[in-house]
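A.B. asks: Okay, sequence plus prediction incoming.
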Amino acid sequence: MAENLLKMFIHGEWTEAASGETRNIVNPASGQFIAVAAEGGEEDANRAVAAAKSAFYQGGWWGTPAAERARLLFKAADLLESRKEEFARLETLNNGKPLREAEFDVNDTIACFRYYAGLATKPHGQSYEVSDPMQAVVVREPIGVCGQIIPWNYPLLMAAWKLAPALAAGNTVVFKPAEITPISAVELFGILEEAGFPPGVVNLVLGAGASVGQTLAAHDDVDKIAFTGGTDTGRKIMQAATGNLKKISLELGGKNPNIVFADADFEAAVEYALFAAYANSGQVCAAGSRLLVEESLYDRFIARLVERTMAIKVGPGLADGTEMGPLVSEAHLNKVLGYVEIGKAEGATLLCGGSRLTGGEYEGGFYMEPAIFTDCEPSMRIVREEIFGPVLVVQTFKNEEEAIAMANDTIYGLAGAVFTSNGAKAQRVIRKLRAGITWINTYHPTYNEAPWGGYKQSGIGRELGTFGFEEYTEVKQINTNLAVEPLGWYSS
Ligand code: NAD
């Protein structure tokens, strides 16, 4: 067994997979192996759930004062901050994203831990004025054991979005990162250990979705499952969760509209259209992957958009000046390139990009040129399906009403944006958008304080903010009789 094996963390101990299996972890920038991780399975997931259950009930975590939970989370944030450059590099190494994006992620992660550390000690209950002599209050309690499963596009930040609110609310957790990007999660659990979370409160299981993930989703002793990932996987999780009717939160995919009116600030709208579509190589659930441009602006806008897209510097995430990194894996790159072929076959016009980049600094890595399709019909797969890569599809609209109808013509409802200098129009359009996260004259800003999640098939529930905290609580009403005497309901 390799000395530097990335291990799982179960009941306060670092452990190999029960099966002894391992997985090679790849650097998307070069295709080279950078680590070996334990490949857990059902047995490991079961052991982690047992540890989390025992820590919650017998270990005394349930009932740990909020101030102590806050202290541990603040400590974790401080430890992370002291190693933030190292974490950013690890994130880039494993996921491929440019270092400047990884640095944002690490800062957001630290802020997320601090936000929930602070929230843990704030008032959460309610009281009601009911008829005398009764008193009714509502308290929030932890749900119990939470299974948490995340994707590979924001390995560290998604971990924080899951772990911080769950722990702040007093739950124990079994956490599973994506099998191809475990590195920053393993390091983060080292920090949680150092911060002093008691054994069994935080458990990390590495491995595939079909084994570890499915076990967590189906497990009778997991009280809640929180999942971020693809919509089809979300459906499987939901089905698996029916056995014990566990609580579920799902953060799923999107095909998000970015609407640009002719009266928008031209250069700002162009640059945000690029940022919306190509940040993190387009591997963002909230990516503005459908650009809707007002017809009268179209020619000028597209010319500038293509010019600037072709100038984007694609390269290794650690290289100076890189603006877009590789895709996360060869399999994912092939899936995205497959969509480029689908778009061409469907009759859309590929205006630029769409090819794999090879040779020189690209050798061995999973790079592609950012692509733009025009002449897109609403029925095309490239317009309807989430591509999750740097492929932008462009459509035109004639007026406000048509823009709204086109924007909402999707099974998804995660995010959307509008660019216009007319404030009232911006409000009208955003209010009509069937999506949970919206922006006016900007794209992508995300705040720990504000709820994140989607309408329609983009998910169930919300993360972040007080909404995200409440998703990790049960609500209990406590009714107290302040004048205790026999009821007098029965005659004898
Ligand atoms: P994915 O659904 O394939 O995998 C996500 C996670 O689920 C991984 O950890 C994987 O191992 C696990 N998994 C896979 N099959 C499983 C199963 N049957 N049971 C339990 N767990 C299983 O998604 P991905 O390809 O890693 O990530 C891309 C997707 O994630 C995109 O669709 C994207 O939109 C979505 N996403 C959504 C948000 C959001 O907040 N809404 C954020 C990031 C990513």
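C.D. replies: Right, received. Where do you want to start? Residues are numbered from 1 along each chain as shown.
A.B. asks: quick one, what contacts the residue of the stretch 51-200 of the chain found nearest the ligand?
C.D. replies: Minimum separation of the stretch 51-200 of the chain from the ligand (Cβ to the nearest ligand atom) falls at Pro151, amounting to 3.1 Å. Glycine gets a C-beta too; all of them are placed from N, C-alpha and C. Residues near Pro151 by Cβ atoms under 8 Å, 6 or more residues apart in numbering: 158, 178, 228-230.
A.B. asks: So which of those residues are in helices?
C.D. replies: Using DSSP state H to define helices, the subset of the contacts of Pro151 located there is Met158.
A.B. asks: now the contacts of Pro151 as CSV including pLDDT, distance to the ligand and neighbour count?
C.D. replies: Output for the contacts of Pro151, formatted as CSV (pLDDT from 0 to 100; distance: Cβ to the nearest ligand atom, whole Å; neighbours: other Cβ atoms under 10 Å):
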residue, pLDDT, distance to the ligand, neighbour count
Met158, 98, 6, 25
Ala178, 98, 4, 24
Thr228, 98, 5, 25
Gly229, 98, 3, 23
Gly230, 96, 3, 16
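A.B. asks: need the contact list for Gly209.
C.D. replies: Neighbours of Gly209 in contact, by Cβ under 8 Å, 6+ apart: 149, 176, 179, 229, 233.
A.B. asks: give me that answer again for 7 Å
C.D. replies: Thr233 (Cβ atoms under 7 Å, 6 or more residues apart in numbering).
A.B. asks: Okay, it and the ligand: tell me how far apart.
C.D. replies: Distance, Gly209 to the ligand, using Cβ to the nearest ligand atom, to the nearest Å: 2 Å.
A.B. asks: What backbone torsions are found at that residue?
C.D. replies: phi -60, psi -40 (degrees, to the nearest 10).
A.B. asks: Next one: the residue of the stretch 51-200 of the chain closest to the ligand, what pLDDT does it get?
C.D. replies: pLDDT for Pro151: 98.
A.B. asks: near the ligand, which residues of the chain show up?
C.D. replies: 149-153, 176, 178-179, 208-210, 213-214, 217, 228-230, 233, 236-237, 251-254, 285, 386, 388, 414, 454, 459 (Cβ under 6 Å from any ligand atom).
A.B. asks: Mind checking which of those are buried?
C.D. replies: 149-153, 176, 178-179, 208-209, 213-214, 217, 228-230, 233, 236-237, 251-254, 285, 386, 388, 414, 454, 459 (16 or more other Cβ atoms under 10 Å).
A.B. asks: and the spatially closest residue to Phe197 that is not a sequence neighbour, what helix or strand is that in?
C.D. replies: Nearest residue to Phe197, sequence neighbours excluded (Cβ to Cβ, 6 or more residues apart in numbering): Leu72, at 5.6 Å. Assessed by DSSP states H and E, Leu72 sits inside helix 66-82.
A.B. asks: what do you get for Gly63?
C.D. replies: Short version, using DSSP H and E: Gly63 is in no helix or strand.
A.B. asks: Look up how far Arg69 lies from it.
C.D. replies: Distance of Gly63 to Arg69, given as Cβ to Cβ, to the nearest Å: 11 Å.
A.B. asks: Among these two, which residue is more densely surrounded?
C.D. replies: For Gly63 and Arg69, the more surrounded residue by other Cβ atoms under 10 Å is Arg69, and the numbers stand at 23 against 10.
A.B. asks: What about the buried ones among the residues of the chain next to the ligand, which are in helices?
C.D. replies: Mapping those onto helices (DSSP H) picks out 214, 217, 233, 236-237.
A.B. asks: Return the member of the residues you listed nearest to Leu90.
C.D. replies: Thr233 (25.1 Å; Cβ to Cβ).
A.B. asks: Tell me who's in contact with that closest one.
C.D. replies: Gly209.
A.B. asks: The chain should start at 604 in everything you say after this.
C.D. replies: Got it, first residue is 604 now, which makes that one Thr836.
A.B. asks: rewinding a little: from Leu848, how far off is the residue nearest to Phe800?
C.D. replies: 31 Å.
A.B. asks: and those two? which has more neighbours close in?
C.D. replies: Leu675 (22 against 8).
A.B. asks: Give me the contacts around stretch 622-640.
C.D. replies: Contacts to stretch 622-640, defined as Cβ under 7 Å, 6+ apart, come from residues 605, 608-609, 641-642, 644, 696-697, 699, 782-783, 785-786, 809, 919-920, 928-932, 967-969.
A.B. asks: Please disregard the earlier target; I meant stretch 956-975.
C.D. replies: 631-635, 881, 908-909, 912, 915, 917-919, 922, 927, 929-930, 932-933, 936, 939-940, 943, 953-955, 993-995, 997.
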